[in-house]
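Peer 1: no sequence for this one, just the structure:
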């Protein structure tokens, strides 16, 4: 077995196990921490796929910003195992069966149209910072600028929403 | 050492991200805490990101990775607004249980 295959299988196992823990852990804090593990393994996948720029951005944005925000909110609202609401057991079984059925349906739909196992002929270099930057600033300049407006509106919106109302 | 995209068939990435997406869907159906539901939505977004990056790498086309970049932008904005909404809801009903938030239910 080639070593990069081994790395892929290990990373994939970690990704799946940690995402299962996100769904099934009882304490919300543990869910957040497992989600951070999951995001780090996905950044590892990006590195293995030769997408360095996205791997770094993924760690900065997801593990650095978004998950800190989640952790901060969970701690601010003081959520723990005792306050965690639970669905009835029957509904839980129903949810698991529905998720499994969705998986089966998607796999069955893909199986008919899935091509033979495809491996790339040579190493791709599209994920390097230089190439992505050229693409981003040449062909996608307008969406890039519009994204900053989206961020500005999201910032203002979240401040307005989270502000305490004067009664 | 051989490169990953030359050693691992792309079907494995398809399977992996399908499985992750289904775990996210399962979490949305399974949990009642609104914060965990937001986290499961992040999980689904990441499954799609992984799939886009793998297609882009295997095909040698940079557009998929640019799209993933924009998806990350939108996800960050979405999380900021969603958590602000949740904090303001918590201030009013002192809970993040979605079964209590059923006023708009038909």
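Peer 2: Now that the structure is in, tell me what you want to look at. These figures come from a predicted structure and were not determined experimentally. Residues are numbered from 1 along each chain as shown, chains lettered A, B, ... in the order given.
Peer 1: what residues does stretch B:91-100 touch?
Peer 2: Counting by C-beta atoms under 8 Å, 6 or more residues apart in numbering or on different chains, stretch B:91-100 makes contact with A:77, A:79, A:83, A:85, A:164, B:32-35, B:37, B:86, B:89-90, B:101, all of which sit outside it. C-beta here means a position set from N, CA and C on the backbone, and glycine is covered the same way.
Peer 1: Could I get the average pLDDT for that stretch?
Peer 2: Mean pLDDT, stretch B:91-100: 85.
Peer 1: that older thread, any of the contacts of stretch B:91-100 buried? List them.
Peer 2: Using 16 or more other C-beta atoms under 10 Å in any protein chain shown as the burial test, those include A:77, A:79, B:32, B:33, B:34, B:35, B:37, B:86, B:89, B:90 as buried.
Peer 1: Cross-reference the contacts of stretch B:91-100 with the helices and report the matches.
Peer 2: Cross-referencing those against helices under DSSP state H gives B:34, B:35, B:37, B:86, B:89, B:90.
Peer 1: still on that earlier bit, of the contacts of stretch B:91-100, which pair is most distant in space?
Peer 2: Put simply, by C-beta to C-beta the two of the contacts of stretch B:91-100 set farthest apart are A:164 and B:32, 26.1 Å from each other.
Peer 1: give me the number of residues near residue A:121?
Peer 2: The number of residues packed near residue A:121 is 10, by other C-beta atoms under 10 Å in any protein chain shown.
Peer 1: let me fix that: residue A:41
Peer 2: 19.
Peer 1: hang on, isn't it packed against residue A:18?
Peer 2: Yes - the pair residue A:41 and residue A:18 passes the contact test of C-beta atoms under 8 Å, sitting 6.6 Å apart.
Peer 1: Next one: residue A:151 from residue A:91, what distance?
Peer 2: Note on residue A:151: its distance to residue A:91, by C-beta to C-beta, to the nearest Å, is 38 Å.
Peer 1: which non-adjacent residue is nearest residue B:3?
Peer 2: When the adjacent residues along the chain are set aside, residue B:3 lies closest to residue A:123, with 4.5 Å between them (C-beta to C-beta, 6 or more residues apart in numbering or on different chains).
Peer 1: Doesn't the one you found lie inside a strand?
Peer 2: No - using DSSP: H, G, I helix; E, B strand; the rest coil, the assignment for residue A:123 is coil, not a strand.
Peer 1: okay, now it: neighbour count?
Peer 2: Residue A:123 has 13 neighbours, counted by other C-beta under 10 Å.
Peer 1: Can you pull out the low-pLDDT segments for chain B?
Peer 2: Applying pLDDT under 70 to chain B picks out residues B:1-2.
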